[in-house]
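In: kindly return the folded structure for what I paste below:
(chains A and B, ligands or ions: 1)
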Amino acid sequence: MNNHVMTRKDIIALAVLLVVGIIGLAVIFFYKGYEGESVLVKVDGKVYGRYPLDVDLELKIEDEWGINVIEIRDGEARVSKADCPDKICMKTGSISRNTETIVCLPHRLVVTIEGRDDDVIR
Amino acid sequence: MSRSDSDRRSIAVRIASDGLLVALAMIFGYIESLLPAFTGIPGVKLGLANLVMLSGLFLFGVPEVLMIMILRIVLTGIMFGNVYSIIYSLAGGLLSLLVMIIMKRIKGLSIVGVSILGGVSHNMGQLIAAGVITGGISVIYYAPVLLISGTVCGMLIGIVAGRILDHLPTIRKEG
Ligand SMILES: [Zn+2]
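Out: Residues are numbered from 1 along each chain as shown, chains lettered A, B, ... in the order given. Below is the predicted model:
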């Protein structure tokens, strides 16, 4: 039996999933097309604070899970320092557009850019 | 060889080969963790360890693969991670295995199709766990990327696993 030959159903599954993924990407792309206004910081599901994106700020969050430093500069937010094992939050880089998100799973931290009237999505 | 002798032998062979597979899956997982996180998106990875799970599912059976997977995740978690990483891996691993078991029964899907759906459900399981851990739906914005990466990586892993199965002599059947 040739295990490496893709069947019709394989290809249908592949195509459907890719199309759904691309539609999802397109929706997010158009949705976050505009600049965000504030930075929402959540720790362990609770709101830690909301900070305007146009005011430079260095915010150190130190809790039972670890340390993250969030930097807001020139209208962009990023995690500039973290002592988490994977450093994915730092590698994500800068975010500035509506709904863009940085996640630090080990520290249960979520940093999200909010727009003006997007209370609906929360 | 008497019956009990061959029983004993086959149990020993099983334990030895299961141990090998757990070790192999752990090594794959470790190699993968050494590769640079090329996207900065949590959860986007090739799924090398799933190569072992997928081949195991087609070669052996559900109970064995389930055991190998749980052992791999718990041992990797103890050695390189923490409780959170174990929960996170289990969410992806268990959902993926469940979906692969169901998909394997569907006629017309090859190992590649099973792997694609397994890869996607692995990522979705982790996304759900991430949502629960961070207590919010913000992670939903990662869903399309994880869907696409799970599909593509699942396909690659499935093709490789298919090749392995094609060339592997049926090790268990003689036991
Ligand atoms: Zn982090």
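
In: name the nearest residue to residue B:90, sequence neighbours excluded.
Out: residue B:73 (5.6 Å; C-beta to C-beta, 6 or more residues apart in numbering or on different chains). Any C-beta I mention is one placed from the backbone N, CA and C, and that applies to glycine too.

In: just the element for that neighbour, please.
Out: Using DSSP states H and E, residue B:73 sits in helix B:62-80.

In: and if you look at residue A:80?
Out: strand A:76-82.

In: list the contacts of residue B:55.
Out: Applying C-beta atoms under 8 Å, 6 or more residues apart in numbering or on different chains to residue B:55 gives the contacts B:161, B:164, B:165.

In: may I see the buried residues of the helix or strand following the helix holding residue B:73?
Out: The helix or strand immediately downstream of helix B:62-80 is helix B:83-104, counting by DSSP H and E. Across helix B:83-104, burial judged by 16 or more other C-beta atoms under 10 Å in any protein chain shown covers B:84-86, B:88-97, B:99-101, B:103-104.

In: ok, and does the next helix or strand after helix B:83-104 reach over to the ion?
Out: Later in the chain than helix B:83-104, the nearest helix or strand by DSSP H and E is helix B:111-134. No - counting by C-beta under 5 Å from the ion, the ion is not contacted by helix B:111-134; separation bottoms out at 11.5 Å.

In: wait, residue A:36 touches residue A:101, no?
Out: No - checked against C-beta atoms under 8 Å, the pair residue A:36 and residue A:101 is beyond contact range at 10.7 Å.

In: who's more crowded, those two?
Out: Shown here are residue A:36 and residue A:101; by other C-beta atoms under 10 Å in any protein chain shown, residue A:36 has more neighbours (23 against 20).

In: show the backbone phi and psi for the more buried one.
Out: Taking degrees, to the nearest 10, you get phi -80, psi 170 for the backbone angles of residue A:36.

In: how much space between the residue nearest in space to the middle of chain A and chain B?
Out: Taking C-alpha atoms, centre = their mean, the centroid of chain A lies closest to residue A:101, which sits 1.9 Å from it. According to C-beta to the nearest C-beta, to the nearest Å, residue A:101 and chain B sit 5 Å apart.

In: ok, that residue - contacts?
Out: With C-beta under 8 Å, 6+ apart, residue A:101 has these contacts: A:95, A:110, A:111, A:112, A:113, B:138, B:139, B:141, B:142.

In: pLDDT value on it, please?
Out: What the model reports as pLDDT for residue A:101 is 88.

In: and for residue A:28?
Out: 80.

In: burial count for residue A:67?
Out: 13.

In: doesn't it belong to a strand?
Out: Yes - Residue A:67: assigned to a strand according to DSSP: H, G, I helix; E, B strand; the rest coil.

In: what separates the closest residue to it other than its chain neighbours from chain B, distance-wise?
Out: Using C-beta to C-beta, 6+ apart and skipping the chain neighbours, the partner closest in space to residue A:67 is residue A:83 (4.9 Å). Separation of residue A:83 from chain B (C-beta to the nearest C-beta): 13 Å.

In: for residue A:83, what are phi and psi?
Out: Dihedral angles for residue A:83 - degrees, to the nearest 10 - are phi -110, psi 30.

In: show the pLDDT at it.
Out: Looking at residue A:83, its pLDDT stands at 94.
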